[in-house]
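> Based on what follows, work out the 3D shape:
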Amino acid sequence: MKANQGLKNNIVQFTLLVFLNFLVGAVVGIERSSFFNFAETKFHIQEGSFLVSFLIAFGLSKAIANLFTSKILNYKSKKWLLIFGWLIAIPGVLLLLFANAWWHVILANIFIGLNQGFCWSSNVLLKIDLVGNKQRGLAMGFNEFSGYLAVGTLSFISGYIILNFNYDILFYTLLIIVLSGLILSIFFVKDTKHFLKQESMMSSEPKIKSLFKQLTIKHPQLSPITINGFTNNLIDGAYWLMLPIILVKQNYSIEKIGLLVSVYPIVWAVSQLFTGKLGDTFCRKQLITIGMVLQILGLVFTAYSTINAILLGSVFIGIGTALVYPNFLTEVSAVLHPNQRAQGLSYFRFWRDLGYVGGAVIISLLLPVLSPTAILIMIAFLTSATTLYAEVKMCCILKYFWRTKMC
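Below you'll find the model as predicted:
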């Protein structure tokens with residue numbers, strides 16, 4: 001029986017997966033605006049310790065989950081991995097509900113990081129299998145839109161819940177989200193291995209030897225994408241942690257901090273409805289470079305620390321991240337043979353999410369001696385260097401922008 005790829009042919013499953021990714025994003029969205037205050041009010045954690053322990057636990061566990069995704073998929077289906085990702089989040093939420101020591105929160109964050117890696121990866125792979133070559137950019141745009149719309153929305157809602165209720169209500173909300181994702185995945189998601197099998201038989205893409213090394217440092221198309229991916233999540237982690245600190249120092253309320261923190265992921269989310277589709281038409285490499293430049297400008301604006309500058313910086317970083325995120329995944333998928341896609345994406349997502357760890361380490365080392373705004377400027381300079389290096393390595397220098405097939 002022929003498997004018919006394409007968005008129109010699989011709209012019901014695709015829509016379900018988009019909603020499931022909204023739930024995945026909602027899990028991490030609750031962390032974005034709530035955990036800084038949670039650490040200070042309940043456990044009296046100082047800034048440096050909090051930054052290192054919290055973000056490293058999350059980023060490292062998520063990166064490891066991504067790394068092992070392809071190895072698990074050698075034995076289990078993508079649907080199985082999605083279900084396992086939801087199951088592993090449950091002990092994390094329970095730890096948060098009953099935490100009476102900071103190490104409980106760190107352990108909970110490890111479980112949640114694993115949940116994010118397994119669920120987001122399986123969701124990406126299921127969607128890519130469903131839609132086929134011609135609509136992958138559009139599919140990844142919807143995927144990232146749903147996830148980061150949830151991040152932004154729940155960042156705002158979390159602030160409201162903390163202000164008007166308490167952390168127990170917030171974490172019970174988190175538990176409902178996780179259980180909803182688990183139930184939908186068990187009873188309604190269908191696996192896509194028949195789509196992958198058919199596509200593999202038709203593909204003319206050669207398989208790449210030593211894929212991890214090629215994707216990390218050698219391949220002229222894949223390794224620059226990896227470098228930009230790592231730097232992008234370094235920015236994301238730094239902004240995630242520095243922006244609340246900047247706002248707290250300026251005596252903003254929890255509710256207003258939640259609102260301001262939500263601007264960046266909401267702009268990021270909504271923009272991906274368009275930027276993913278752009279990657280099906282224009283040169284993805286140049287969309288990525290332009291996106292990185294916009295993020296640099298956003299960091300510089302935010303460093304001014306006025307309310308208007310922060311809003312403008314959040315918009316720039318949101319649009320810039322929207323240009324890179326779906327096109328990272330689409331470009332890696334386009335270069336690889338279908339049978340190497342899961343492995344290649346898991347390697348890429350491993351390095352990309354290690355950017356969170358890199359950001360946490362840099363911030364923890366610099367925060368005792370530099371202001372948050374100075375740290376953002378330093379990260380902007382670092383991003384400028386890596387973006388230029390990646391652009392030169394791809395041998396593009398912003399040429400051949402107008403058609404994907406020419407770059």
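
> what's near enough to touch residue 268?
Counting by Cβ atoms under 8 Å, 6 or more residues apart in numbering, residue 268 touches 144, 148, 152, 317-319, 321-322, 325. Bear in mind the C-beta positions are built from the backbone N, C-alpha and C, glycine included.

> got it, and residue 271?
Contacts for residue 271 (Cβ under 8 Å, 6+ apart) come out as 318-319, 322-323.

> Same question for residue 200.
Counted by Cβ under 8 Å, 6+ apart, residue 200 has contacts 337-339.

> Ranking by neighbours, what's the top pick from those residues?
residue 338 (21 neighbours; other Cβ atoms under 10 Å).

> where does the stretch 1-150 of the chain have low pLDDT?
For the stretch 1-150 of the chain, the stretches with pLDDT under 70 are 1-3, 32-36, 46-52.

> can you give me the helices for the stretch 301-407 of the chain?
307-335, 341-366, 372-393 (DSSP state H, counting those that start in this stretch).

> Format these as JSON lines; extra columns: mean pLDDT, mean neighbour count and distance to residue 81.
Shown next, in JSON lines, are these (pLDDT from 0 to 100; neighbours: other Cβ atoms under 10 Å; distance: least, Cβ to Cβ, whole Å):
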{"stretch": "helix 307-335", "mean pLDDT": "92", "mean neighbour count": "24", "distance to residue 81": "17"}
{"stretch": "helix 341-366", "mean pLDDT": "90", "mean neighbour count": "23", "distance to residue 81": "10"}
{"stretch": "helix 372-393", "mean pLDDT": "93", "mean neighbour count": "18", "distance to residue 81": "30"}
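
> Quick one: closest of these to residue 193.
helix 341-366 (10.9 Å; Cβ to Cβ).

> elements contacting that closest one?
helix 47-73, helix 102-131, helix 211-213, helix 222-249, helix 307-335, helix 372-393 (3 or more Cβ pairs under 8 Å, 6 or more residues apart in numbering; DSSP states H and E).

> could these be laid out in CSV, adding distance to residue 92?
As requested, these are exported to CSV (distance: least, Cβ to Cβ, whole Å):
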stretch, distance to residue 92
helix 47-73, 10
helix 102-131, 3
helix 211-213, 28
helix 222-249, 18
helix 307-335, 24
helix 372-393, 28
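
> Could you point out which of those sits nearest residue 178?
Ranking those by distance to residue 178, with Cβ to Cβ as the measure, places helix 102-131 first at 7.6 Å.

> for the stretch 151-300 of the chain, what are the low-confidence residue spans?
Applying pLDDT under 70 to the stretch 151-300 of the chain flags the ranges 203-204.

> Would you map the strands across it?
For the stretch 151-300 of the chain, applying DSSP state E, counting those that start in this stretch gives no strands.

> can you give me the helices in it?
For the stretch 151-300 of the chain, helices defined by DSSP H, counting those that start in this stretch occupy the ranges 167-188, 193-202, 211-213, 222-249, 254-278, 284-303.

> I'd like those helices laid out as CSV, including distance to residue 40.
Converted to CSV, these look like this (distance: least, Cβ to Cβ, whole Å):
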stretch, distance to residue 40
helix 167-188, 12
helix 193-202, 47
helix 211-213, 40
helix 222-249, 8
helix 254-278, 11
helix 284-303, 22
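
> circling back to that earlier point, ok, which pair from the contacts of residue 268 is furthest apart?
144 and 317 (14.6 Å).

> Return the member of the contacts of residue 268 nearest to residue 197.
Nearest to residue 197 among those, with distances taken as Cβ to Cβ, is residue 144, at 26.4 Å.

> State the distance from that closest one to residue 366.
According to Cβ to Cβ, to the nearest Å, residue 144 stands 29 Å off from residue 366.

> Next: residue 261.
Going from residue 261 to residue 366 by Cβ to Cβ gives 21 Å.

> same thing with residue 53?
Plainly put, residue 53 is 17 Å away from residue 366 if you go by Cβ to Cβ.

> returning to that earlier point: which of the helices and strands packed on helix 341-366 sits closest to residue 191?
Distance to residue 191, taken as Cβ to Cβ, is lowest for helix 102-131 among those, at 7.8 Å.

> Just want the angle from that closest one to helix 167-188.
Relative orientation of helix 102-131 and helix 167-188, computed by axes from the mean of the first three to the mean of the last three Cα atoms, to 10 degrees: 30 degrees.

> buried ones in helix 102-131?
Residues 102, 104-131 are the ones in helix 102-131 that count as buried (16 or more other Cβ atoms under 10 Å).

> excluding its backbone neighbours, what's nearest residue 316?
Closest residue in space to residue 316, ignoring its immediate chain neighbours: residue 298 at 3.3 Å, by Cβ to Cβ, 6 or more residues apart in numbering.

> about what we covered before: closest one of the contacts of residue 268 to residue 66?
Nearest to residue 66 among those: residue 325, at 14.4 Å, using Cβ to Cβ.

> before we move on, the earlier item: mind listing which of the contacts of residue 200 are in strands?
Among those, no member falls in strands (criterion: DSSP state E).
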